[in-house]
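In: A predicted structure for the sequence below; I have some questions about it.
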Amino acid sequence: MQIISWAHLDDYIRKGIPAQLPVTNRSEISFMISDHGKSLGLRLPVSENEVVIPSPYRELDISKKTVYEITVIELTVQDVRLFRTFYHFAIEILQLVLVQELSSTNAIERCLSNWAQMLLRKKLLEETEQVGLAGELCFLKALIESRGQEAFNSWLGPTKEPHDFRLATNEIEVKSTLQPKRIHRIHGLGQLEPSSGMQLYILSLQFEAAGNALAGRSLVERVDEVRQLLLGAESSLQTFEEYLRKLGYVEADSVYYSHKLKFRSLPKIIPVNAEFPRLTRAKVDQVLPQGTSQRLTYVEYDLDVDGFGYPEGSPEFDIILDGLSKMENPHE
């Protein structure tokens with residue numbers, strides 16, 4: 001069985017000649033070239049009652065049509081850069097149809113699945129996850145620099161504890177944003193509830209793209225800075241690597257985390273007290289009909305904290321964090 005070669009097909013494409021070329025002699029299956037060589041397709045016969053699933057991919061169109069009173073499936077691409085790849089994809093379909101005698105729809109579905117598995121994207125951290133981790137690492141670095149390696153144990157974010165850090169009788173929830181205003185996403189009714197006997201604070205961090213600014217650091221650099229500070233503390237270093245894996249940070253993917261961020265403004269520490277706006281289970285109980293609040297299982301909301309709290313360098317900031325040294329200078 002001699003299938004039409006890519007060279008033969010490419011000759012028609014480059015010359016912009018519209019054509020319907022059978023894939024083999026006398027075959028009902030054919031390649032189609034149209035739009036002056038800017039569209040390449042594969043046409044396969046299909047039974048009239050077969051269901052054809054549309055393409056899940058932007059660059060590939062799959063449709064069912066009637067051509068000269070024959071029902072067919074057409075697969076089409078219109079990006080010239082993908083033509084040769086599409087040809088190899090089509091050859092795999094042809095092997096299944098002509099050799100293994102699969103139906104056209106089954107052959108297409110199997111090939112789509114095979115190619116999708118081969119090209120399955122890595123599970124990378126979303127932008128919000130990257131920014132959130134950068135904020136926690138930034139604070140962790142400052143803690144270790146000011147209090148020593150033991151301060152690493154205050155980081156609880158990756159352990160699914162209610163809050164990111166615990167220091168003496170204080171709990172710190174680190175919130176990071178790329179927005180020009182201090183708007184943070186709050187996850188659940190319990191995130192702004194202190195643990196028993198603890199005072200809860202939000203550490204609000206605003207980041208922006210650094211470009212080539214000296215103050216800018218990538219997520220990779222922030223990870224390496226903490227690693228350097230933990231050298232010699234093997235147990236903490238091992239735990240740190242375990243925490244990174246739990247959070248989805250994989251060293252092999254570090255090339256994807258190379259863009260740099262810098263502080264947009266000074267960090268602020270914000271007491272979560274009676275004057276602070278927040279949703280809690282107790283407050284929801286007061287609003288909803290008695291006995292129904294437990295039906296509200298999960299809540300997320302965006303909270304604008306502009307105007308609350310104390311900036312880094314203020315006496316209140318230093319008192320709350322017990323003389324914490326500066327994290328970074330946003331104006332460098």
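Out: Alright, I've got the coordinates.
In: endpoints of stretch 51-71, how far apart?
Out: Counting by CA to CA, to the nearest Å, you get 12 Å between the two ends of stretch 51-71.
In: what is the rounded mean pLDDT of that stretch?
Out: If you average the pLDDT over stretch 51-71, you get 90.
In: again, but for stretch 26-36
Out: 93.
In: so how far is it off the chain centroid?
Out: Stretch 26-36 has its C-alpha centroid displaced from the chain centroid by 40 Å (CA atoms, centre = their mean, to the nearest Å).
In: quickly list the domain ranges of this structure.
Out: Domain ranges of the chain: 6-118, 127-320, per automatic domain parsing.
In: backbone dihedrals for L288, please?
Out: phi -80, psi 160 (degrees, to the nearest 10).
In: quick check: the residue nearest to it when sequence neighbours are not counted vs R217, distance?
Out: Using CB to CB, 6 or more residues apart in numbering and skipping residues adjacent in sequence, the residue nearest L288 is L296, 7.0 Å away. To be clear about C-beta, it is placed using only N, CA and C from the backbone, and glycine gets the same treatment. L296 sits 39 Å away from R217, going by CB to CB, to the nearest Å.
In: what of E127?
Out: E127 is 16 Å from R217, by CB to CB.
In: between those two, who's got more neighbours?
Out: Shown here are E127 and R217; by other CB atoms under 10 Å, R217 has more neighbours (22 against 10).
In: next one, pLDDT for the more buried one please.
Out: Confidence score, pLDDT, at R217: 94.
In: what sits against the nearest residue to it once chain neighbours are set aside?
Out: Spatially, and ignoring its direct neighbours in sequence, R217 is nearest to K260 (5.8 Å; CB to CB, 6+ apart). By CB atoms under 8 Å, 6 or more residues apart in numbering, the residues touching K260 are 209-211, 213, 216-218, 221.
In: buried ones among the residues you listed?
Out: Among these, those buried by neighbour count (16 or more other CB atoms under 10 Å) are 210, 216-218.
In: quick one: which of those residues sit in strands?
Out: Of the buried ones among the contacts of K260, the ones assigned to strands by DSSP state E are 217-218.
In: greatest separation within the buried ones among the contacts of K260: which pair is it?
Out: Spatial extent of the buried ones among the contacts of K260 (CB to CB) is set by the pair A210 and S218 at 8.6 Å.
In: okay, and the common contacts of those two?
Out: By CB under 8 Å, 6+ apart, the residues touching both A210 and S218 are 260-261.
In: so which residues of this protein form strands?
Out: Residue ranges of the strands in the chain, as given by DSSP E, are 19-22, 30-34, 39-45, 61-67, 70-77, 165-167, 170-177, 183-187, 199-209, 217-218, 260-263, 268-271, 300-304, 310-311.
In: can these go into TSV with extra columns for distance to G291?
Out: Listed next are the strands of the chain as TSV, based on distance: least, CB to CB, whole Å:
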stretch	distance to G291
strand 19-22	70
strand 30-34	65
strand 39-45	60
strand 61-67	52
strand 70-77	56
strand 165-167	34
strand 170-177	30
strand 183-187	25
strand 199-209	28
strand 217-218	50
strand 260-263	46
strand 268-271	32
strand 300-304	23
strand 310-311	40
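In: for A116, which of these is the nearest?
Out: strand 61-67 (13.8 Å).
In: partner strands of that closest one and their direction?
Out: strand 70-77 (antiparallel) (DSSP bridges).
In: for the partner strand, list every residue counted as buried.
Out: Quick answer for strand 70-77 (16+ other CB under 10 Å): 72-77.
In: next one: it to chain centre, how far?
Out: 35 Å.
In: show me the contact partners of it.
Out: Outside strand 70-77, the residues that reach it (CB under 8 Å, 6+ apart) are 28, 32, 39-48, 52, 55, 59-66, 83, 86, 90, 93, 104-105, 108.
In: PyMOL command to pick out the buried ones of these?
Out: Applied in PyMOL, the following selects the buried portion of the contacts of strand 70-77 according to 16+ other CB under 10 Å:
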select buried, resi 32+39+40+41+42+43+44+45+46+52+55+60+62+64+83+86+90+93+104+105+108
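In: okay, K141: pLDDT?
Out: 96.
In: make that P330, sorry
Out: 49.
In: what is the neighbour count of F207?
Out: 23.
In: scratch that, Y243 is what I was asking about
Out: If we define neighbours as other CB under 10 Å, then Y243 has 19 of them.
In: now it. Nearest residue, chain neighbours left out?
Out: In space, Y243 is closest to P158, 3.8 Å off (CB to CB, 6+ apart).
In: next, count neighbours for the nearest residue to Q179 once chain neighbours are set aside.
Out: Of all residues not flanking Q179 in the chain, Q206 sits nearest, at 7.4 Å (CB to CB, 6+ apart). Counted with other CB under 10 Å, the neighbours of Q206 add up to 24.
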